[in-house]
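>>> Show me how the following folds:
(chains A, B, C and D)
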There are 2 protein chains.
Amino acid sequence: MTCDDDVDSICSMKKVDKRTMKSSNSSAPRRRATRADVAKLANVSTAVVTYVTSNGPQSVAPATRQRVLDAAAALGYSPNAAARSLKMGATHLLGMVIPDATNLYFAELAAAIELAAEDHGFDLLVAHSHGSRSREVQLLQSFTSRQVDGMILFTGVTDRSAAALGATNTPFVTIGRNLGVSDALAFAVDHREGARSGVEHLIGHGHTSIGLVIGDEPAEVAHSREVGWLDALADAGLHRGPIVRAPYSRAGGLEAGRELLRSDQQVSAVFVASDIQATGVIRAMHEAAVRMPEDMAIVSFDASPESEYTWPPLTSVQQPVQEIASCAIEAIVKRRRGEPAESRMFATRLVTRASCGCVNPVN
Amino acid sequence: MTCDDDVDSICSMKKVDKRTMKSSNSSAPRRRATRADVAKLANVSTAVVTYVTSNGPQSVAPATRQRVLDAAAALGYSPNAAARSLKMGATHLLGMVIPDATNLYFAELAAAIELAAEDHGFDLLVAHSHGSRSREVQLLQSFTSRQVDGMILFTGVTDRSAAALGATNTPFVTIGRNLGVSDALAFAVDHREGARSGVEHLIGHGHTSIGLVIGDEPAEVAHSREVGWLDALADAGLHRGPIVRAPYSRAGGLEAGRELLRSDQQVSAVFVASDIQATGVIRAMHEAAVRMPEDMAIVSFDASPESEYTWPPLTSVQQPVQEIASCAIEAIVKRRRGEPAESRMFATRLVTRASCGCVNPVN
DNA sequence: TTGTATGCGTTATCAA
DNA sequence: TTGATAACGCATACAA
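Predicted coordinates for the structure are as follows:
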């Protein structure tokens, strides 16, 4: 879509401010101040400017130092990161691939990564893969070209991606995906065990027929959660409930919920493998006037901000998002220093709210 | 939080894969291939490599061209973006400041910006301000140092930010905020008119006592929406309903909803100035067993993905997110070319769903 | 059609 | 304590 496509927007025809205009066509198109400018103004050599701005490697006389600082401030000088990167061989830039920012679980994870990255002085280059493998490869190449100091991938690493990455030395970690499926460093919860704990909770509430709503793409994570669901059922000696596979989205959840209600196999509870789908499932239940948790108890996965504000609020398997994020960043830092780094698996925690029947939500 | 903080995580002690290890301490710590490497392997000069990789400025013999391509592929060569930026004076990088990614309206806008930016060959440097002004200034400085080709700010531009920016020639635009409050190029809907249309819809349903839930910080946007609410009430000759001010979050909405129910002034409808707050308001109503829309009709603002999956689904004032995004990016492109660019205001569209009483949600 | 040489803004080594 | 200078990897004007 281009800016001129629209038909129903009001064009304000507001005149561009004079200052704004001026900056785009002033006679002397002001160049960014460089180190040389600062040096000249402060009457020192360019080297001294660096000594001041980077506190070394040589010390400088207090008076000179102040002169440089003043000059830099006067000129609004800040070092050119491109030149700096070129010289130093480090960009302090991390690339991050997010499948879908409208999934609040990913959004939360991304925010945590940003925080952890900042602790180590990294900025973040962010891009969305929208689940496309080819786009993922393309993004990794772009990151590589930008000489990022590391990459964080929310998506699984495909062979093609790994190959693209293998040619470089760029450290990369995967987040939220199973450990051990590739050579990549991975940081994630135990999806199988987490799912199992959620389903066990449902069983504890007395449910004997428990369905499953899960993503429709073959992914190791989804598979693990499915196995966890099976584990719990098997341990309790229960038969397998119906499985509904649907896209990993709110709309997918809505469809799945409707299908679940059409199923021959009646269930009194369902384990939904992600909050984002659970949101849709809940809507489907409301549409059919199915009461939750009385007629249908629900437990989901992720415990994203979304899960707290559905109605009824969702009981959900929580991932230690901040911990995962900081471990991932630290792993990248270690790898950059040549130190060994290890993949790691985290425990989940079940957040009990009303959807499973634990809490009476109405005051 | 550091990685070692945790107590309840399982340490998998998984040994690092041999290939992974090797890449971190192999005897010849493989340097990224440079143009010179490609040139040597292809038996050409470095210039020819560039002629091939950038299709010009000179043409090269097909055979030579193929040799270069092969060599580049064999070495996994991709141009060093830092060096390229330094030489070309352009980074093809845009900086974007998001207040809060767990607000799906912002997340959606950010995704649209990314798409539009990609159309013009820009990558995105993303950071969250968490609403902090000082952090915003800090981010702008970081972006400046990185020599971004432009900036997109979701937050209003403060005087300090503008001053920081004024020192550079970096084009920047604000998104979603009112036009005309600063010199910045701005792309946003008509908040006042949008709010007015939403409240008028509620009046059309016969409501005569309509409350307002809105952000608790003094922002022009919030003010405009409040004025739009007043406009509609005044036009209909209705008295002003109660106003509840709360943080711009789900939790804030929850608090606001509870307070609204405690209010002396009874209302049958409420205009909530953002979906994210509406989510909380809805929960407050459910908790108090207030039926929607029968006992409390709701119209909100943004029509983010969230609004479609609340219960009842929210009637909400929609912003043309993609259009806003593409206009913003095009404005930056124009400004970079020295062409004039204009701020622009967009019309909203009311998406009617069940929360106002338009649709019977239960099948 | 291809090669040579210069400079982009930095950091850091080495001399002064 | 300071200054001159050589890379870093690339794009391109100009020469061959």
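>>> So what does the residue of the stretch 251-363 of chain A at minimum distance from DNA strand D have for phi and psi?
Taking CB to the nearest atom of the strand, DNA strand D has its nearest neighbour within the stretch 251-363 of chain A at residue A:336, 16.7 Å off. Heads up, the C-betas are built off the backbone N, CA and C, glycines and all. Phi and psi for residue A:336, reported as degrees, to the nearest 10, are phi -70, psi -30.
>>> who's in contact with it?
If you count contacts by CB atoms under 8 Å, 6 or more residues apart in numbering or on different chains, residue A:336 has them with A:149-150, A:171.
>>> same thing but 6 Å
The contact partners of residue A:336, taken as CB atoms under 6 Å, 6 or more residues apart in numbering or on different chains, are residue A:171.
>>> same question, residue A:272
A:213, A:278, A:281, A:300.
>>> Mind giving me the PyMOL select for those residues, buried ones only?
Remark: buried members of the contacts of residue A:272, expressed as a PyMOL selection using 16 or more other CB atoms under 10 Å in any protein chain shown:
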select buried, chain A and resi 213+278+281+300
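>>> Please tabulate the contacts of residue A:272 in CSV, including the columns secondary structure.
CSV is the format used below for the contacts of residue A:272 (DSSP: H, G, I helix; E, B strand; the rest coil):
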residue, secondary structure
A:213, strand
A:278, helix
A:281, helix
A:300, strand
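>>> how about low-confidence regions in chain A?
A:1-30, A:156-167, A:179-183, A:361-363 (pLDDT under 70).
>>> Determine if any part of the helix or strand hosting residue A:114 is in contact with chain B.
Residue A:114 belongs to helix A:104-119 when elements are defined using DSSP states H and E. Yes. Counting by CB under 6 Å from any CB of the partner chain, chain B has neighbours in helix A:104-119: A:104, A:107, A:111.
>>> heading toward the C-terminus, what's the first helix or strand past that helix?
Helix A:104-119 is succeeded, C-terminally, by strand A:123-128 (DSSP H and E).
>>> Residue A:292: how many residues sit nearby?
Residue A:292 is flanked by 23 other residues according to other CB atoms under 10 Å in any protein chain shown.
>>> these two touch, right, it and residue A:312?
Yes. Taking contacts as CB atoms under 6 Å, residue A:292 lies within contact range of residue A:312: 5.3 Å.
>>> and residue A:87, how many residues sit next to it?
Residue A:87 has 10 nearby residues by other CB under 10 Å.
>>> thinking again about what came up before, which among the contacts of residue A:272 gets closest to residue B:61?
residue A:213 (59.8 Å; CB to CB).
>>> wait, doesn't that closest one sit right on residue A:242?
No. Judged on CB under 6 Å, residue A:213 makes no contact with residue A:242 at a distance of 9.4 Å.
>>> CA-only coordinates of the helix holding residue A:114 in PDB, if you can.
Extracted as PDB, the C-alpha positions of helix A:104-119 are listed here (Å, rounded to 0.1, in the frame of the first residue of the first chain):
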ATOM      1  CA  LEU A 104       1.500 -11.100  23.300                       C
ATOM      2  CA  TYR A 105       3.600 -13.900  24.400                       C
ATOM      3  CA  PHE A 106       6.100 -13.000  21.700                       C
ATOM      4  CA  ALA A 107       5.700  -9.300  22.400                       C
ATOM      5  CA  GLU A 108       6.500  -9.900  26.100                       C
ATOM      6  CA  LEU A 109       9.500 -12.100  25.200                       C
ATOM      7  CA  ALA A 110      10.800  -9.500  22.800                       C
ATOM      8  CA  ALA A 111      10.500  -6.800  25.400                       C
ATOM      9  CA  ALA A 112      12.400  -8.900  27.900                       C
ATOM     10  CA  ILE A 113      15.100  -9.500  25.300                       C
ATOM     11  CA  GLU A 114      15.400  -5.800  24.700                       C
ATOM     12  CA  LEU A 115      15.800  -5.100  28.400                       C
ATOM     13  CA  ALA A 116      18.500  -7.800  28.800                       C
ATOM     14  CA  ALA A 117      20.200  -6.700  25.600                       C
ATOM     15  CA  GLU A 118      20.400  -3.200  26.900                       C
ATOM     16  CA  ASP A 119      22.000  -4.300  30.100                       C
END
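>>> Can you show me the helices along the stretch 1-150 of chain A?
Here the stretch 1-150 of chain A has its helices, by DSSP state H, counting those that start in this stretch, at A:18-25, A:35-42, A:46-53, A:62-75, A:81-88, A:104-119, A:133-145.
>>> any residue of the second one up close to DNA strand C?
Think helix A:35-42. Yes. Helix A:35-42 reaches DNA strand C (CB under 7 Å from any atom of the strand) through A:35-36.
>>> about what we covered before: between the residues of helix A:104-119 next to chain B, which sits nearest DNA strand D?
For these, the nearest to DNA strand D is residue A:111 (33.2 Å; CB to the nearest atom of the strand).
>>> Which residue is the nearest non-sequential neighbour of the closest one?
Nearest residue to residue A:111, sequence neighbours excluded (CB to CB, 6 or more residues apart in numbering or on different chains): residue B:101, at 5.4 Å.
>>> how close does that neighbour sit to residue B:126?
9 Å (CB to CB, to the nearest Å).
>>> can you check residue A:207 too?
Residue A:207 is 43 Å from residue B:126, by CB to CB.
>>> ok but residue A:248 is inside a helix, no?
No. Counting by three-state DSSP, residue A:248 falls outside a helix, being coil.
>>> burial measure for it, as a count.
21.
>>> Going along the chain, name the strands of the stretch 151-300 of chain A.
Assigned by DSSP state E, counting those that start in this stretch, the stretch 151-300 of chain A shows strands spanning A:172-175, A:185-189, A:210-215, A:243-246, A:269-272, A:297-302.
>>> could I get these as JSON lines with distance to residue B:256?
Formatted as JSON lines, those follow (distance: least, CB to CB, whole Å):
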{"stretch": "strand A:172-175", "distance to residue B:256": "34"}
{"stretch": "strand A:185-189", "distance to residue B:256": "34"}
{"stretch": "strand A:210-215", "distance to residue B:256": "32"}
{"stretch": "strand A:243-246", "distance to residue B:256": "34"}
{"stretch": "strand A:269-272", "distance to residue B:256": "29"}
{"stretch": "strand A:297-302", "distance to residue B:256": "26"}
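>>> so which of those gets nearest residue B:64?
It's strand A:172-175; of those, that one is closest to residue B:64 (CB to CB) at 34.7 Å.
>>> So which residues on the stretch 1-150 of chain A come close to DNA strand C?
A:31-32, A:34-36, A:46-47, A:49-50, A:53-54, A:56-58, A:77, A:79-80, A:83-84, A:86-88.
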